[in-house]
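> Next input, structure requested:
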Amino acid sequence: MKREGLTITMIFLAESANYGEGIGNISSLKKMTRGNHEQYSYISRQAMRYNIVQQSNWDTTPVDGKSGVVQFAPSATIKDYPEIDLFGYMKTTAKGDEQKGGAATRSAVARLSNAIALEPFQGNLEFLTNMGLAVRGNLENGIAQSEVHRSYYAYTMSIDLDRVGIDGEIDIDKEEKAERVKILLDTMQYLYRDIKGRRENLSPLFVIGGRYSRKNPFFENRVKVDDNKINVETLQELIKDNELAGYTFTGITSGIFDNEKIVREEFELPDNLEPINLLALGYADTEKKGPDRHKTERISLDELVTYK
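Numbers count the residues shown, from 1 in each chain. All right, here's what the predicted structure looks like:
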């Protein structure tokens, strides 16, 4: 069974990392409201995509505005530009004397969710002035306010591995396909965001995901933090599913979450070891199968392991 759906859900800690349209002299965070009327700030998937593309050094895809819309140049292909390979494109051409006009599209291979706060916004405001500059020039001082919110955020990346590097007649070599996915994952591991004079570290503090036969973002909207504790019970219940069992990987950073001790006890980790990556092993709680299943239901070692 081919496992072409890679999905990863991550938690990071950040402060006031995406602003929307302000009101007067107040800069407003991008927020959404849940059914309990609590507001949660978020970093849009477009903002996350911008930082990922930039830090992967993929922001070189040519653009033009000949059709009246700023877009990727019709001549740009996925063979030369990983950005439109992984994140898709829509390239339109205007109707003219020698062309019919129309649009060529490619849906995203790597799909991002918004990074949504796991803790509600409490209405905090930062009072701002430019007193330092005003004093220098003996001028009137300007006053502004900016919403601030420090919270854990969670987001999900899902990749259709079987579509990487393939577009119509184009099919790049396997090494380049793998390299593009590797660069994408490496960038997410060390991701950051520049905002209002700050550089926010978006590196994950907790990660859960795997490579599955179904292209479902299994852990999206499932990872939560309550009282600085990750909802381990919910995640343990999820990975008992036959689709996820044995193929799910988890990583956690030490010294952040209050239930880290539970993780150490569950996996019998000594105090002198730091859990970098946790792999769920064992069998699903379902009907037992015969030993011959390994020949048909498991991938070969040659496909699973790469020797350097």
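> so residue 40 bridges to which residues?
residue 32 (DSSP bridges).
> so what's residue 42 up against?
18, 30, 31, 32, 114, 115, 116, 117, 153 (C-beta atoms under 8 Å, 6 or more residues apart in numbering). From N, CA and C alone the C-beta is placed, and that goes for glycine too.
> Tell me the backbone dihedrals of the nearest residue to the first one once chain neighbours are set aside, please.
In space, not counting the residues next to it along the chain, residue 18 is nearest to residue 43; the distance is 4.2 Å by C-beta to C-beta, 6 or more residues apart in numbering. Backbone torsions for residue 43, taken as degrees, to the nearest 10, come to phi -110, psi 120.
> contacting residues for residue 43?
14, 17, 18, 30, 114, 115, 153, 155, 193 are the contacts of residue 43 under C-beta under 8 Å, 6+ apart.
> go again using 6 Å as the cut-off
17, 18, 115 (C-beta atoms under 6 Å, 6 or more residues apart in numbering).
> Going by distance to residue 82, which of the contacts of residue 42 wins?
The shortest approach to residue 82 among the contacts of residue 42 belongs to residue 115, at 21.9 Å (C-beta to C-beta).
> Quick check: bridge partners of that closest one?
Where residue 115 sits in a bridge, its partners, by DSSP bridges, are residue 43.
> my guess is it contacts residue 157, does it?
No: contact criterion C-beta atoms under 6 Å: residue 115 and residue 157 do not qualify, at 10.5 Å.
> neighbour count winner among these two?
More neighbours surround residue 115 than the other of residue 115 and residue 157, with 26 against 22 (other C-beta atoms under 10 Å).
> Look up how far residue 252 lies from that one.
18 Å (C-beta to C-beta, to the nearest Å).
> Got the confidence number for the residue nearest to residue 120 when sequence neighbours are not counted?
Excluding the flanking residues, the one nearest residue 120 by C-beta to C-beta, 6+ apart is residue 38, at 4.0 Å. Listed pLDDT for residue 38 reads 96.
> Number of residues surrounding residue 38?
Considering only other C-beta under 10 Å, residue 38 is surrounded by 14 other residues.
> Please state the backbone phi and psi of it?
phi -80, psi 140.
> hang on, it packs against residue 121?
No: if you go by C-beta under 6 Å, residue 38 and residue 121 don't touch, sitting 7.7 Å apart.
> so where do the helices sit in the stretch 101-250 of the chain?
With DSSP state H, counting those that start in this stretch as the criterion, the stretch 101-250 of the chain has helices at 131-137, 174-189, 232-238.
> Show the end-to-end separation of stretch 188-200, please.
Start-to-end span of stretch 188-200 (C-alpha to C-alpha, to the nearest Å) is 13 Å.
> pLDDT on it, on average?
Mean predicted lDDT for stretch 188-200 stands at 96.
> Report the buried residues of stretch 226-236.
For stretch 226-236, the neighbour count (16 or more other C-beta atoms under 10 Å) marks 230, 235 as buried.
> Stretch 210-220 too?
Here stretch 210-220 shows 210, 211, 212, 215, 217, 218, 219, 220 as buried, counting by 16+ other C-beta under 10 Å.
> Now the fourth one: phi and psi?
Its backbone dihedrals place residue 215 at phi -90, psi 50, with angles given as degrees, to the nearest 10.
> burial measure for the residue nearest to it when sequence neighbours are not counted, as a count.
In this structure, residue 215 finds its nearest non-sequential neighbour in residue 5, 3.4 Å apart by C-beta to C-beta, 6+ apart. By other C-beta under 10 Å, 20 other residues sit near residue 5.
> My read is that residue 5 contacts residue 218, right?
No: with contact defined as C-beta under 6 Å, residue 5 does not count as touching residue 218 (9.1 Å).
> Out of the helices of the stretch 101-250 of the chain, which gets nearest to residue 52?
Of all these, helix 174-189 sits nearest to residue 52, with 5.4 Å by C-beta to C-beta.
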